[in-house]
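# let's see this in three dimensions:
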Amino acid sequence: GVERLSCDSQPFSALSVAWSLLLWSTLALGFAMVELLREYELTGAFTWRRGVRRALRRKARYYLAIALTGGCLASGLYATGQLRS
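The predicted structure follows:
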């Protein structure tokens with residue numbers, strides 16, 4: 001049979017792992033597509049290919065800026081000793 005998920009130290013069954021992977025990958029893909037389509041609409045490009053390229057570039061710049069800002073904040077907190085355990 002299929003084991004149930006629990007907070008105990010029991011191992012996960014293959015079915016529950018597959019279900020979890022499917023759930024989270026669908027959620028991530030859906031989020032990515034909504035963001036991409038929103039940005040695609042805002043580009044105002046006349047061709048589909050140009051609109052998708054612009055949308056991907058804009059989103060990549062946005063997430064790069066967020067990652068750099070978070071990295072700088074984390075390294076600053078680590079350097080001052082506030083992030084160490």
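
# what sits against the residue nearest to L36 when sequence neighbours are not counted?
Excluding its sequence neighbours, the residue lying closest to L36 (C-beta to C-beta, 6 or more residues apart in numbering) is A55, at 5.5 Å. C-beta here means a position set from N, CA and C on the backbone, and glycine is covered the same way. Taking C-beta atoms under 8 Å, 6 or more residues apart in numbering, we find A55 in contact with 36-37, 39-40, 42-43.

# for the chain, what's the longest helix?
helix 48-79 (DSSP state H).

# can you tell me the element the residue nearest the centre of the chain falls in?
Centroid check for the chain by C-alpha atoms, centre = their mean gives A28 as the closest residue, at 5.9 Å. Taking DSSP states H and E as the criterion, A28 maps to helix 14-43.

# helix, strand or coil for L83?
coil (DSSP: H, G, I helix; E, B strand; the rest coil).

# so it sits against L73, correct?
No - contact between L83 and L73 fails when scored by C-beta atoms under 8 Å: they sit 9.6 Å apart.

# tell me where the model's unsure across the protein.
Where the chain drops to pLDDT under 70, the residues are 1-12, 85.

# for T47, see how far away the residue nearest to the centre of the chain is.
Note on A28: its distance to T47, by C-beta to C-beta, to the nearest Å, is 28 Å.

# what is the burial count for A60?
The local packing of A60 (other C-beta atoms under 10 Å) involves 10 other residues.

# quick one on the thing from earlier: now, which of the contacts of A55 sits nearest T69?
E39 (19.4 Å; C-beta to C-beta).

# this completes my enquiry, with thanks.
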